[in-house]
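**Student:** any chance you can model this:
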Amino acid sequence: MSSPSSAASAASAASAAAAAAATLKSLPTDMELVLKVIPMPADCNANGDIFGGWVMAQCDLAGSVIPARYAKGRQATVAVNEFIFKQPVRLGDILSFYSKLVRVGRTSITVTVEVFAERFRAQGEYIKVTQATFTYVAIDDNGRPRPIEQPAA
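**Tutor:** Model (predicted):
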């Protein structure tokens, strides 16, 4: 039977290995950069990390960029289909938000958003910190869904 300290050491080593494996030397080339932002001290929680809700709000903004091209008018977030916090976001991180079109429906558009952090002390290395999928719906002046012009095939 292992001692609590050796179990903690093993968990710490596994965590460090996972973090090292997640470090990237480049950003995605198959997605579009839609937002770049640096969180500030007002965005921190009591642990010194950035509030998850702040990250979610930025992802929603980033996710709305591509659908706006299709909606050509008002749109609203109708669903957060998936949201995964993979690593904490830290004060001073340079965050890059990448998005890609998943689906264009009759009234809705679904996109994925991936967020990469360039740590303040590790410039030129990137860590995927968040991934999400959002669905937006085109709406009319009364807030009701309206058809989207379908993209050429």
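**Student:** helix or strand: which one has residue 150?
**Tutor:** Here residue 150 is covered by no helix or strand, with elements defined by DSSP states H and E.
**Student:** ok, what's across the strand from the closest residue to it other than its chain neighbours?
**Tutor:** Spatial nearest neighbour of residue 150, excluding adjacent residues (Cβ to Cβ, 6 or more residues apart in numbering): residue 104 at 6.5 Å. Just so you know, the C-beta spots here come from the backbone N, C-alpha and C atoms, and that holds for glycine as well. Beta bridges link residue 104 to residue 109, judged by DSSP bridges.
**Student:** pull the contacting residues for residue 104.
**Tutor:** Shown in contact with residue 104 (Cβ atoms under 8 Å, 6 or more residues apart in numbering): 70, 148, 150, 151.
**Student:** among the residues you listed, which ones are buried?
**Tutor:** In those, burial by neighbour count holds for 70, 148, counting by 16 or more other Cβ atoms under 10 Å.
**Student:** can you lay out the contacts of residue 104 as a markdown table showing distance to residue 123 and pLDDT?
**Tutor:** As requested, the contacts of residue 104 are exported to a markdown table (distance: Cβ to Cβ, whole Å; pLDDT from 0 to 100):
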| residue | distance to residue 123 | pLDDT |
| --- | --- | --- |
| 70 | 35 | 95 |
| 148 | 40 | 95 |
| 150 | 43 | 82 |
| 151 | 38 | 74 |
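**Student:** and of the contacts of residue 104, the nearest to residue 30?
**Tutor:** The nearest member of these to residue 30, counting by Cβ to Cβ, is residue 151 at 17.8 Å.
**Student:** chain neighbours aside, what residue packs nearest to the closest one?
**Tutor:** residue 104 (6.0 Å).
**Student:** could you measure from that neighbour over to residue 25?
**Tutor:** Using Cβ to Cβ, to the nearest Å, residue 104 is found at 33 Å from residue 25.
**Student:** same question, residue 74
**Tutor:** 40 Å.
**Student:** what's the answer for residue 34, then?
**Tutor:** 21 Å.
**Student:** quick check: residue 132 touching residue 110?
**Tutor:** No - applying Cβ atoms under 8 Å, one finds residue 132 not in contact with residue 110, separated by 11.1 Å.
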